[in-house]
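Colleague: I would like the atomic coordinates for the input below:
(chains A and B)
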Protein chains: 2
Amino acid sequence: MSLLPLPASAPAPDSVPLRYGAVIYPGYQALDLFGPLDALNSLGLAYPFELYMIAETMEPVSTKPPAPYHNPSGNFAQSVLPTHTFDNAPPIDVLIVPGGIGNRDEKIAEPVIRYIASVYPTLKYLMTVCTGSVLAARAGILDGKSATTNKRAWERSIKQGPRVNWVAHARWVVDGNIWTSSGVSAGLDLIFAFMDQVFGGDTSDLIANFLEYERHRDPSWDPYAELYGL
Amino acid sequence: MSLLPLPASAPAPDSVPLRYGAVIYPGYQALDLFGPLDALNSLGLAYPFELYMIAETMEPVSTKPPAPYHNPSGNFAQSVLPTHTFDNAPPIDVLIVPGGIGNRDEKIAEPVIRYIASVYPTLKYLMTVCTGSVLAARAGILDGKSATTNKRAWERSIKQGPRVNWVAHARWVVDGNIWTSSGVSAGLDLIFAFMDQVFGGDTSDLIANFLEYERHRDPSWDPYAELYGL
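Modeller: Residues are numbered from 1 along each chain as shown, chains lettered A, B, ... in the order given. Okay, the predicted model is just below:
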């Protein structure tokens, strides 16, 4: 049975990327990751996708940022299980890197940056959401390329990639095989733009409608650049 | 330090619900849950919120639906850790129930339905996303009330709550202390409408802007009802 009949224009499974990796680290922003993953979870009802959840260790990874960035009076977080570590992750076609307050911690950021730098040459595509692009910038792979990032954290972020052509007014930016988006929910528009290119517009719209998500289709749509004075 | 300075109009912590529970079950739809939770994760930078992730057992809960509903050729899913079971969950103020293909399985649905029926009388608020409202309907707590649900799964869903006033053309519906939304991404508009009422519009907008999420503010906005012929 197929719960998700694909449109006639959908590409054959052997012509699309099937192996996906998602980076997780303490204090990543949940929606940065679960926006794109939920769209792929849904498309995965019809394609034989594989997903690896990749972290520094095999310990559960919490959305709770480390001190001093979390609220010590509360305890509101979710823990996700890695399937692999940065040291033993299998080959992948697509890597998704979320942002989040946790990556302000150097001990958290450094292993992620090393993994991105080492795996990027083997990827078909890299996608970053929010300040995930800061980690990619620090890995050196955005030098000379155009990219965007979270708009509220703009000044703090762009300093960390001085050779990147940061685009302030952008919901998402594509440069070569690197897809970067603005903050948090922009990852949803990013994944549908990616699906447009790789799986075709009919399939992309099928999944957006499955999620009842009204897409922003213009990559330059960005009221948050103005809101945050950029 | 406060990473999220609240507006002057934000209510005091002792005047808002602080204890949240999220139901998880195999094959729940990730974005149904992580949309609302990410908004609350963010507001939790400023409020002393508690979150309990509540499941049938303490085993990790995967987004992968059970057979025959998953794609046997793929392996694309994420596993989240429960903090409590339906039998030992602490008292909560707000319960969030996601939908998802997994709840078509009776062995999965029944313990969730029993928990909703038992806990509802103790709640300040119940929120459901997508077919989470079908589980609430089957728990009997929507009888005589207005509610909505996923639009693609409409016919299959409403049959399971014959005494519910199902509203076909709705992004979300509020009846008393029960907040139900349409499919998947509608949970984002639901949580911001909830924050409007409970935390005030300034705080709600602060969080929506933090997530760079353009809200639908009209509960009757629903192109998906038309798309799916309702």
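Colleague: secondary structure element for the nearest residue to A:Ala8 once chain neighbours are set aside?
Modeller: Among residues not flanking A:Ala8 along the chain, A:Asp202 sits closest, at 7.8 Å (Cβ to Cβ, 6 or more residues apart in numbering or on different chains). In this view, the C-beta of every residue, glycine as well, is placed from N, C-alpha and C. Per DSSP states H and E: A:Asp202 is located in helix A:201-210.
Colleague: equivalent analysis for A:Gly99, please.
Modeller: Using DSSP H and E, no helix or strand contains A:Gly99.
Colleague: where does it fall, phi/psi-wise?
Modeller: Dihedral angles phi and psi of A:Gly99 (degrees, to the nearest 10) take the values phi -90, psi -170.
Colleague: before we move on, what about the one 3 residues further on?
Modeller: Backbone dihedrals for A:Gly102, given as degrees, to the nearest 10, come out at phi -60, psi -30.
Colleague: what is the neighbour count of the residue lying closest to it once chain neighbours are set aside?
Modeller: In this structure, A:Gly102 finds its nearest non-sequential neighbour in A:Gly27, 2.0 Å apart by Cβ to Cβ, 6+ apart. Applying other Cβ atoms under 10 Å in any protein chain shown, we find 22 residues neighbouring A:Gly27.
Colleague: OK, contacts around A:Gly27?
Modeller: A:62-66, A:69-70, A:100-103, A:105, A:108 (Cβ atoms under 8 Å, 6 or more residues apart in numbering or on different chains).
Colleague: next step: those residues restricted to helices.
Modeller: Judged by DSSP state H, the contacts of A:Gly27 include A:Ile108 as members of helices.
Colleague: A:Arg152 - nearest residue in space that isn't next to it in sequence?
Modeller: A:Tyr228 (5.4 Å).
Colleague: give me the phi and psi angles of the one you found.
Modeller: phi -100, psi 20.
Colleague: show me the strands in chain A, by range?
Modeller: Along chain A, the segments classed as strands by DSSP state E run A:19-23, A:50-55, A:61-62, A:79-80, A:84-85, A:94-97, A:125-128, A:146-147, A:165-166, A:172-175, A:178-181.
Colleague: how about the longest one as CSV, C-alpha atoms only?
Modeller: Right, strand A:50-55. Provided in CSV are the C-alpha atoms of strand A:50-55 (Å, rounded to 0.1, in the frame of the first residue of the first chain):
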residue,chain,number,x,y,z
GLU,A,50,17.8,6.6,5.0
LEU,A,51,18.4,9.0,7.9
TYR,A,52,21.4,9.1,10.3
MET,A,53,21.2,11.3,13.4
ILE,A,54,24.8,12.3,14.0
ALA,A,55,26.2,13.7,17.2
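Colleague: tally of neighbours for the nearest residue to A:Pro5 once chain neighbours are set aside?
Modeller: Sequence neighbours aside, A:Ala46 is the residue nearest to A:Pro5 in space, at 7.7 Å (criterion: Cβ to Cβ, 6+ apart). Close neighbours of A:Ala46, defined as other Cβ under 10 Å, add up to 21.
Colleague: picking up where we left off before, wait, doesn't the residue nearest to A:Arg152 sit right on A:Asn150?
Modeller: No: taking Cβ atoms under 8 Å as the definition, A:Tyr228 is not a contact partner of A:Asn150, at 9.1 Å.
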